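Chemist: Sequence first, then the predicted structure:
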Amino acid sequence: MCYVPRASFLHRGVAMTISSSDSITSVITETRRFEPSDEFRRRAGLQPTAYQALRASAAANPVAYWEGRARKLQWDTPWTTALEWKRPHAQWFVGGKLNASVNCLDRHLDGPRANKAALIWEGEPGEVRTLTYRQLHAEVCRLGNVLRRHGIKPGDRVGIYMPMTPEIVVAMLACARVGATHSVVFGGFSAEALRDRMNDAKARFLLTADGGYRRGTIVPLKAVVDEALRDKGGVPSMEKVLVYRRTRENVPMQPGRDLDWKEELVLEKGECKPESVDSEHPLFILYTSGTTGKPKGVVHSTGGYLVGAQTSMEFVFDLRDDDIFFCTADAGWITGHSYLTYGPLSAGATCLMYEGAPNFPDWSRFWDVIERHRVSIFYTAPTAIRSFMRQGDHHVNKHDLSSLRLLGSVGEPINPEAWMWYRSVIGKDRCPIVDTWWQTETGSIMISPIPGAVSTKPGSCTLPLPGVDAKIVKKDGTPCKPNEGGYLVIEHPWPSMLRTIWGDDERYQKAYWSEVPGFYLAGDGARVDADGYFWVMGRIDDVVNVAGHRLGTMEVESALVSHPTVAESAVVARPDELKGQALVAFVTLKSGQKASPAAAEALRTHVAKEIGAFAKPDDIRFTDALPKTRSGKIMRRLLRELATSGEVKGDTTTLEDLNTIAALRASDEE
């Protein structure tokens with residue numbers, strides 16, 4: 001039987017649920033198509049006829065197609081072999097050498113783009129800064145020289161833990177300029193999470209700030225860094241910490257280790273010679289959650305990654321030279337890497353960065369930003385869209401959004417109701433929506449409409465991009481029928497694919513290439529309709545997607561068990577209209593401890609400290625025992641059913657004690 005994950009849908013406002021025991025073909029889906037307007041299509045960079053020809057040629061010879069796209073980059077040394085493929089390891093543009101920062105900055109300096117805005121930044125308190133390509137290049141060179149002066153060389157790992165200011169982009173590009181491999185850690189992560197990631201990468205240098213602004217308060221980043229480097233053995237490999245003064249708060253500076261950003265940069269002037277690195281040189285490591293509890297360090301190359309990021313940026317967003325592109329993602333996530341930094345800048349675009357929360361000082365903030373800066377492309381997450389819906393249209397309607405011409409969705413599947421609201425209220429029924437499917441691991445967008453060439457359906461990410469060989473298959477690799485749910489896989493390698501898991505290639509092979517032989521397993525369940533359109537249904541493993549943040553349930557369980565009152569825990573996800581998925585924690589307390597609302601809140605606070613506020617369970621349910629198999633394995637499937645529907649319908653024959661489920665059901669009814 002083909003796997004169909006449990007998921008929730010809205011059809012004409014009616015909530016519907018499917019599970020592995022339901023027939024996927026029984027789910028009614030929105031079949032209405034939306035075409036781009038004649039005006040949009042007339043100006044589109046890729047017309048329908050050209051798009052079809054491109055798809056056909058890419059399908060016939062994907063390697064030649066990607067070679068053609070790679071020639072749009074600036075190479076120091078041409079490649080000798082386009083692809084070496086020894087499943088599951090790919091090397092693209094073998095023998096070629098280049099530098100990522102050169103492709104994002106230097107190659108734009110000989111023409112009119114030199115004085116074009118590369119970044120327009122707005123801080124949460126209201127400051128605005130603009131950096132042209134020439135100015136951004138100068139900042140990157142200064143920081144690159146600082147890194148070199150302190151001994152950073154090609155292949156060294158550099159950590160970045162910063163707020164959403166232009167300096168985080170400067171930091172990434174400066175690392176790329178000197179050949180260092182950067183690892184950005186989301187500024188909402190705890191000291192424990194930062195410490196684990198820096199130790200895994202064996203980072204030598206850390207770029208951070210005194211703090212940042214979020215909902216009117218200061219996020220104390222330097223204090224978190226100090227804790228990470230001080231407690232539980234610290235990070236032995238860390239030599240220096242460079243501190244940017246964002247909030248001007250008085251923070252302790254450790255002599256010999258901590259450096260002041262401004263004082264260091266003022267010493268540097270002039271060019272920073274870019275390091276020419278191999279196409280397969282690791283550009284960055286980005287940690288993403290896994291089911292084992294230990295985050296996976298996804299490794300991305302330089303050449304292949306840039307090819308994927310720039311190609312998708314140009315095609316998916318129908319990029320024009322006068323666009324103002326507003327990507328709301330934090331640079332700590334892959335979207336901030338690919339569509340705030342490397343994709344837009346390599347394509348010569350103008351990116352708008354915003355530092356803080358979308359609801360500060362109220363829910364009008366994004367629409368005010370769009371109006372004042374005349375944003376033309378807006379790229380955000382379904383979680384944010386659903387939040388905006390709940391607050392009412394009046395926040396939107398008091399702003400002039402006529403500059404918008406294209407809307408994008410990223411992070412998790414978007415339900416049709418939110419899609420329609422996005423189109424009608426934000427886009428005023430004239431802006432196409434590009435609903436994009438991709439992952440940290442894929443590096444760049446894989447499935448999405450091309451806005452001038454592909455009609456859209458609410459809730460569907462439509463078709464794979466040219467050169468992407470995506471399929472829906474059964475467990476044995478055989479194709480699923482139309483509207484039959486299965487595993488979303490990719491057969492042919494693509495340039496921006498992850499190369500391995502940092503320090504654990506065995507895990508890379510097992511996690512992505514062993515479950516469905518011969519294919520890359522994305523970890524999502526999906527189906528393809530009669531028109532060939534893809535519909536992503538949700539995760540098929542224990543990695544959940546909470547408000548666009550991929551999170552391993554084992555990470556949350558580990559955090560809960562680290563609390564002195566907890567004996568055991570199991571965390572599952574249930575569908576959530578706002579966040580996509582919400583976390584439900586089943587907790588067994590140690591002897592002598594009492595369950596109470598105060599105890600539950602203490603555990604939620606503890607998880608926030610250990611991982612981050614976004615990881616706090618929505619519900620904590622105390623239980624005397626967890627359902628286990630006879631071999632001692634917790635049956636999370638049963639807990640997931642309880643959390644979602646309140647009933648257990650699946651197989652319980654391997655359950656050690658049926659009374660456990662009865663007790664859990666009874667406690668749920670109290």
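Modeler: The structure has been received and is ready for your questions. Residues are numbered from 1 along each chain as shown.
Chemist: so who does Leu46 touch?
Modeler: With contacts defined as CB atoms under 8 Å, 6 or more residues apart in numbering, Leu46 is in contact with Leu54, Phe315, Asp318, Ile450, Gly452, Ala453. Where you see a C-beta, it was placed from the backbone N, CA and C, and this is true even at glycine.
Chemist: swap the cut-off to 10 Å and go again
Modeler: Contacts here follow CB atoms under 10 Å, 6 or more residues apart in numbering; on that basis Leu46 touches Leu54, Glu314, Phe315, Val316, Asp318, Ile450, Pro451, Gly452, Ala453, Val454, Pro466.
Chemist: repeat for Arg113
Modeler: Leu105, Arg107, Thr132, Tyr133, Arg134, Asp321, Gly348, Ala349, Thr350.
Chemist: Now with 7 Å, please.
Modeler: Neighbour list for Arg113: Tyr133, Gly348 [criterion: CB atoms under 7 Å, 6 or more residues apart in numbering].
Chemist: so is it in a helix, a strand, or just coil?
Modeler: Per DSSP: H, G, I helix; E, B strand; the rest coil, the local secondary structure of Arg113 is helix.
Chemist: again with Asp196
Modeler: Asp196 - assigned by three-state DSSP - is helix.
Chemist: got it, and Ile285?
Modeler: strand.
Chemist: which ones are touching it?
Modeler: Contacts of Ile285 by CB under 7 Å, 6+ apart are Arg157, Thr181, Ser183, Ala201, Gly297, Val298, Val299, Trp502.
Chemist: Just give me the neighbour total for the last one.
Modeler: Going back to what we said before, that points to Trp502. A count of nearby residues for Trp502, using other CB atoms under 10 Å, gives 23.
Chemist: Excluding chain neighbours, what is closest to Leu589?
Modeler: Thr565 (5.6 Å; CB to CB, 6 or more residues apart in numbering).
Chemist: Poorly predicted segments of the stretch 1-150 of the chain, please.
Modeler: Applying pLDDT under 70 to the stretch 1-150 of the chain flags the ranges 1-31.
Chemist: now do 50
Modeler: For the stretch 1-150 of the chain, residues meeting the criterion pLDDT under 50 lie at 1-30.
Chemist: What segments of it are strands?
Modeler: Using DSSP state E, counting those that start in this stretch, the strands of the stretch 1-150 of the chain run over 7-11, 14-18, 81-86, 89-94, 97-98, 117-122, 128-132.
Chemist: Which among those strands is found nearest to Leu551?
Modeler: strand 7-11 (17.3 Å; CB to CB).
Chemist: Show me the helices in the stretch 451-600 of the chain, by range?
Modeler: 505-513, 553-561, 597-610 (DSSP state H, counting those that start in this stretch).
Chemist: What are the buried residues along the second one?
Modeler: Of the residues in helix 553-561, those buried by neighbour count under the rule 16 or more other CB atoms under 10 Å are Thr553, Met554, Glu555, Val556, Glu557, Ser558, Ala559, Leu560.
Chemist: Please identify which of these is nearest to Ala570.
Modeler: Nearest to Ala570 out of the buried residues of helix 553-561 is Glu557 (CB to CB; 6.4 Å).
Chemist: quick one: that closest one from Ala193, how far?
Modeler: As judged by CB to CB, to the nearest Å, Glu557 and Ala193 stand 15 Å apart.
Chemist: go on, Asp258?
Modeler: 21 Å.
Chemist: So between these two, which is more surrounded?
Modeler: Ala193 (22 against 19).
Chemist: re the thing from before, adding distance to Gly126 and neighbour count, write the contacts of Leu46 out as CSV.
Modeler: Shown next, in CSV, are the contacts of Leu46 (distance: CB to CB, whole Å; neighbours: other CB atoms under 10 Å):
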residue, distance to Gly126, neighbour count
Leu54, 44, 19
Glu314, 33, 21
Phe315, 35, 23
Val316, 31, 25
Asp318, 31, 22
Ile450, 37, 26
Pro451, 32, 26
Gly452, 36, 22
Ala453, 40, 22
Val454, 39, 19
Pro466, 42, 22
